[in-house]
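Participant: Need a 3D model of the following:
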Amino acid sequence: MRGKFITFEGIEGSGKSTQIKLLVDYLTEQQIPHLSTREPGGTPIAEAIRKILLDPLCAEMLPEAELLLYSASRAQHTGELILPALAAGKIVISDRYYDSTCAYQGAARALDSQVIELLNSFATFHTVPDLTVLLDLPAEAGLSRIEHRDLDRLEQEDISFHRKVREQFLFIAKKHASRYLVLDALNAPELIHNQIIRALNF
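Facilitator: Below is the predicted model of the structure:
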């Protein structure tokens, strides 16, 4: 019996890591088999690509190269880790998936949406999440939450970049409303967690 694939999306500082940890703790308590992973990354090869993608020293990276690196990481991640876990009946939770590419490389980098759609389908082996949780908040609020840490290459982009990402996430959520759960990331973490658990209906 195939497992369930749950992805978390949102701008920088939206609280994805916090909510994923709360969900993992809940699944562990309920003894529900699960796997938590992230993009880019999740496997040794994909993690190596992640280091290149997020390295501030790679500031000269072209948007086209960025898109292809994300796709390469996603193909390895999906084929090596996600699909086998789903086939084993596990709940798979991923911090980001292909919707991030549509938002970051599509809207913020202004790359061709048809090219992105084709690459996303190819790199995911046509895998679609069962549920995508979008933690939404203004770009200014998200960036203020992470200003104390060393920022990676994408986190260092200007405010207009992050506003475009947020707008695109909201557009995607409206377009694919049947698989999206949009939550106000300014609410208390426990409230958000309870909303997620109710939506999953375990």
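Participant: Give me the contact list for the helix or strand where R145 lies.
Facilitator: According to DSSP states H and E, R145 maps onto helix 139-146. Helix 139-146 has contacts (C-beta atoms under 8 Å, 6 or more residues apart in numbering) with 10-15, 155, 159, 162-163, 165-166, 185-186. Quick note: C-beta positions are derived from backbone N, CA and C, even for glycine.
Participant: Name the member of those residues with the most neighbours.
Facilitator: Neighbours here mean other C-beta atoms under 10 Å. Within the contacts of helix 139-146, the largest count is held by I11, at 29 neighbours.
Participant: would it count as being in a helix?
Facilitator: No. Under the criterion used here (DSSP: H, G, I helix; E, B strand; the rest coil), I11 is coil, not part of a helix.
Participant: For it, which residues are in contact?
Facilitator: 137, 139, 142, 162, 165-166, 169.
Participant: What confidence value was assigned to it?
Facilitator: On pLDDT, I11 comes in at 98.
Participant: what separates L170 from T127, distance-wise?
Facilitator: 23 Å (C-beta to C-beta, to the nearest Å).
Participant: Compare these two and say which one has the larger neighbour count.
Facilitator: More neighbours surround T127 than the other of L170 and T127, with 18 against 15 (other C-beta under 10 Å).
Participant: the helices in the protein, which residues?
Facilitator: 16-29, 44-54, 63-77, 83-87, 98-101, 113-123, 139-146, 159-175, 189-200 (DSSP state H).
Participant: next one: stretch 25-36 to chain centre, how far?
Facilitator: Its chain's C-alpha centre and that of stretch 25-36 lie 19 Å apart, by C-alpha atoms, centre = their mean, to the nearest Å.
Participant: Can you point out the buried residues in that stretch?
Facilitator: Neighbour counts over stretch 25-36 (16 or more other C-beta atoms under 10 Å) mark 26-27, 34-36 as buried.
Participant: same deal with stretch 80-93?
Facilitator: Those buried within stretch 80-93 under the rule 16+ other C-beta under 10 Å are 81-83, 85-86, 90-93.
Participant: Relative to H176, how far out is the closest residue to N120 other than its chain neighbours?
Facilitator: Leaving aside its sequence neighbours, N120 sits nearest to Y98 (C-beta to C-beta, 6 or more residues apart in numbering; 4.1 Å). Distance of Y98 to H176, computed by C-beta to C-beta: 11 Å.
Participant: Please list all residues in contact with R96.
Facilitator: Counting by C-beta under 8 Å, 6+ apart, R96 has contacts 7-9, 16, 38-40.
Participant: From N194, how far off is it?
Facilitator: Taking C-beta to C-beta, one finds R96 at 23 Å from N194.
Participant: for stretch 56-70, the distance to its chain's centre please.
Facilitator: 18 Å.
Participant: measure that stretch end to end?
Facilitator: 16 Å (C-alpha to C-alpha, to the nearest Å).
Participant: Would you mind listing the buried residues in that stretch?
Facilitator: Buried, per 16+ other C-beta under 10 Å, within stretch 56-70: 66-67, 69-70.
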